[in-house]
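Peer 1: would you be able to build a 3D model of this:
(chains A and B, ligands or ions: 2)
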Amino acid sequence: MQIRDGKPTREAYGKAMLELAANDSNIYVVDCDIGKSCKTVPFSQQFPNQHVNVGIAEQNALGVGAGLATTGKIPFVTTYAVFGSMRMLEQIRQEVCYPQLNVKIACSHGGFTPANDGASHQGIEDIGIFRTIPNMTIVAPADYESAFELVKAAAKYDGPVYLRFTRDAVPSIYKSDDKFEIGKAVELNKGSDVTIICTGDILSKGVLATQQLEKEGISVKLLDMHTVKPLDKEAVLKAIKETKAIVTVEDHNIINGLGSAVAEVVAETGGCKFKRIGIQDQFGESAPYEHLLAKNGITVENIVDTCKKML
Amino acid sequence: MRQNNSVEFLKEKAIEVRTTILTMIHEAKSGHPGGSLSSADILAALYFDELNIRANDPKWEDRDRFVLSKGHACPVLYSCLALKEYFPYEEIHTLRKEGSILQGHPDMKRCPGIDISTGSLGQGLSVAVGMALAAKRDNKDYRVFCVVGDGESNEGQIWEAIETASKYELNNLVIILDQNRLQNDNICDVVMPSRDMVKKFEAFGCETLEIDGHKMEEITDAFDKIRDTKTNKPFAIVAHTTKGRGVSFMEDVVAWHGVAPNDEEYEIAIKEVKGGLVCK
Ligand SMILES: Cc1ncc(C[n+]2csc(CCOP(=O)(O)OP(=O)(O)O)c2C)c(N)n1
Ligand SMILES: [Mg+2]
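Peer 2: Ligands and ions are numbered 1, 2, ... in the order given. Predicted structure coming up:
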């Protein structure tokens, strides 16, 4: 468990798509005039026959993707989290989730990662929105390495998947040969006092908090819940059994994200002490990523404090 | 005509389609007769002649696709599928009932012959575009037909889809506008005037035809012409229709958009429909 400088996970998406398309002519990208920012330009150049750009028309992009999927293609409809989870939401419900078509919604700019762009571009509600749609799978990779693998796993998975990527660079935690399974949490550290469960770009904060707590003699179980839906309930139940408290951390609104999903399991099983760390039901602004997170208590110090207070 | 059918045969089929529509909506005590009846002649021409499909192999890869973008009119589609024996005709008695393959709006997972689930207006045409694009990319020669409502065309997504069809030169796509001049709340000109739809389709890059959507000869002629036209544009047919066509008291009446006929109304309606359409 070592943190290194990393890259934006949207770059892993662009690279994984090249590898996928090289091996499967059914892999398609449907772009909405933000291929440059979503890192699909090399794909469009190398695989023009598997690429579609419908312009700034997200609702239509989704429908075109659904139509392609009915013929056996595996389209990745590509945009930002805000537009993917809201502008094309009802289309996703009607034309992808209801008929269970094999369409992936691949979105950059998850959470506060488009920090300078301001609130209009910060997708902080996406996970909550998609949690309520039947048949949807939600995957938020933590770093470049896991994003690369999880994109490939999503392509293999038959059904709707929402993929959430980061605009800006995030620290790397995994090695390039680590393996990931959709729906299965990764245990990065074993522990018996407290469990920290993270999803997406803030996993590195979970890692640093774990290292800090362990230095202070507290034994921490750290989980990367890259798949928020279907949630790995087994992993949560094990955490309830093996440790005395759970803290969830996410770069997403505090309502209906990872914390809520874990809370449902904790509450319905009689549970354990439990706290959520996430965006405090407020919009962001143009500001450095770390400041935005700090304003919402998404810091290593707060994770450490929250864990200690519960023990 | 694509197959060796006669116009008379298709007119007969249209009568069977209309009686089936009325029967299923009457028995379900709910549904949308107006927009189903206005599309009946178009769908009869498609399902009994123009579409290259196999009822015994609904998912045949090379089949023509059909998208009913105005999904609320599904009784007309279900009637065609039932008459083509995609499923036993008796299923029509289960429309909108619990567990039925004939959901209130088309469900491709339940009902054989449905190429995409619809019901939320404005979305089906984009899906049709995706299907047509796939045919082009795969060098397949199947075509995609999509019926759109005039009220439905208020949706901006319809125009996004047409632009995409033009950009990718989808000359294997045929958009059919069921221009019955009525929508849910009122006549289209009151709710949202859409002006000259022929000009709009043309401006958006479509090879556009204008027909009477109840004259079988005009419908089949349009399909013939489309098959014979060499162009790289998508096709649009603006079909002038009458909502509720075939049942005198339903024709052109906004109120018959989404209500079922009672027993008495049903009997009169069936009698009228069995007489066939009187076209001026
Ligand atoms: C997005 C959406 N908005 C509203 C409705 C409700 N609705 C069902 S039918 C209809 C009117 C449709 O009019 P038109 O497209 O002209 O159909 P037709 O006249 O052929 O029945 C409306 C508003 C819907 N199904 N989908
Ligand atoms: Mg209408």
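
Peer 1: in chain A, which residue sits closest to chain B?
Peer 2: A:G67 (2.0 Å; C-beta to the nearest C-beta). C-beta here means a position set from N, CA and C on the backbone, and glycine is covered the same way.

Peer 1: where does the residue nearest to that residue when sequence neighbours are not counted sit, in terms of helix or strand?
Peer 2: Counting by C-beta to C-beta, 6 or more residues apart in numbering or on different chains, the nearest residue to A:G67 once its immediate chain neighbours are dropped is B:G130, at 2.0 Å. Under the criterion of DSSP states H and E, B:G130 resides in helix B:124-137.

Peer 1: hey, C-alpha coordinates of that helix in CSV?
Peer 2: Listed in CSV are the C-alpha atoms of helix B:124-137, where the atom choice follows Å, rounded to 0.1, in the frame of the first residue of the first chain:
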residue,chain,number,x,y,z
GLY,B,124,-37.1,6.1,-30.5
LEU,B,125,-35.7,7.9,-33.6
SER,B,126,-32.2,8.1,-32.0
VAL,B,127,-32.3,4.3,-31.4
ALA,B,128,-33.4,3.8,-35.1
VAL,B,129,-30.4,5.9,-36.1
GLY,B,130,-28.1,3.7,-34.1
MET,B,131,-29.6,0.6,-35.7
ALA,B,132,-29.2,2.1,-39.2
LEU,B,133,-25.7,3.2,-38.5
ALA,B,134,-24.8,-0.3,-37.4
ALA,B,135,-26.1,-1.7,-40.7
LYS,B,136,-23.8,0.8,-42.6
ARG,B,137,-20.8,-0.1,-40.5
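
Peer 1: right, and the helix or strand after it?
Peer 2: Following helix B:124-137 in sequence, per DSSP H and E, is strand B:144-149.

Peer 1: chain center to that following strand, what's the gap?
Peer 2: The chain centre lies 6 Å from the centre of strand B:144-149; the measure is C-alpha atoms, centre = their mean, to the nearest Å.

Peer 1: for it, which strands pair with it and how are they oriented?
Peer 2: If you go by DSSP bridges, strand B:144-149 pairs up with strand B:65-68 (parallel), strand B:173-179 (parallel).

Peer 1: so is that strand next to ligand 1?
Peer 2: Yes: Strand B:144-149 lies within reach of ligand 1 by C-beta under 6 Å from any ligand atom, at B:G149.

Peer 1: packing partners for the helix holding B:G130?
Peer 2: helix A:58-70, strand B:65-68, strand B:144-149, helix B:156-167, strand B:173-179 (3 or more C-beta pairs under 8 Å, 6 or more residues apart in numbering or on different chains; DSSP states H and E).

Peer 1: tell me the pLDDT of the residue of chain A closest to chain B.
Peer 2: A:G67 is assigned a predicted lDDT (pLDDT) of 98.

Peer 1: contacts only, for it.
Peer 2: A:G67 makes contact with B:I116, B:S126, B:V127, B:A128, B:V129, B:G130, B:M131, B:A132, B:L133, B:A134, according to C-beta atoms under 8 Å, 6 or more residues apart in numbering or on different chains.

Peer 1: quick one, strands of the stretch 151-300 of chain A?
Peer 2: A:161-164, A:186-189, A:194-199, A:220-224, A:227-229, A:245-253, A:273-279 (DSSP state E, counting those that start in this stretch).

Peer 1: quick check: the two most widely separated of the contacts of A:G67?
Peer 2: B:I116 and B:L133 (14.0 Å; C-beta to C-beta).

Peer 1: farthest residue from the center of chain A?
Peer 2: In chain A, the residue that sits farthest from the middle, by C-alpha atoms, centre = their mean, is A:G217; the gap is 30.8 Å.

Peer 1: picking that back up, what residues of the helix holding B:G130 count as buried?
Peer 2: Using 16 or more other C-beta atoms under 10 Å in any protein chain shown as the test for burial, helix B:124-137 gives B:124-137.

Peer 1: try stretch A:156-169
Peer 2: Buried residues in stretch A:156-169 (16+ other C-beta under 10 Å): A:Y157, A:G159, A:P160, A:V161, A:Y162, A:L163, A:R164, A:F165, A:T166, A:R167, A:D168, A:A169.

Peer 1: state the phi and psi torsions of the third one.
Peer 2: This points to A:P160. Backbone torsions of A:P160, given as degrees, to the nearest 10, read phi -70, psi 130.

Peer 1: number of residues surrounding the closest residue to A:F47 other than its chain neighbours?
Peer 2: Setting aside the residues directly before and after it, A:F47 is nearest to A:A21 in space (C-beta to C-beta, 6+ apart), at 4.6 Å. A:A21 has 22 neighbouring residues, counting by other C-beta atoms under 10 Å in any protein chain shown.
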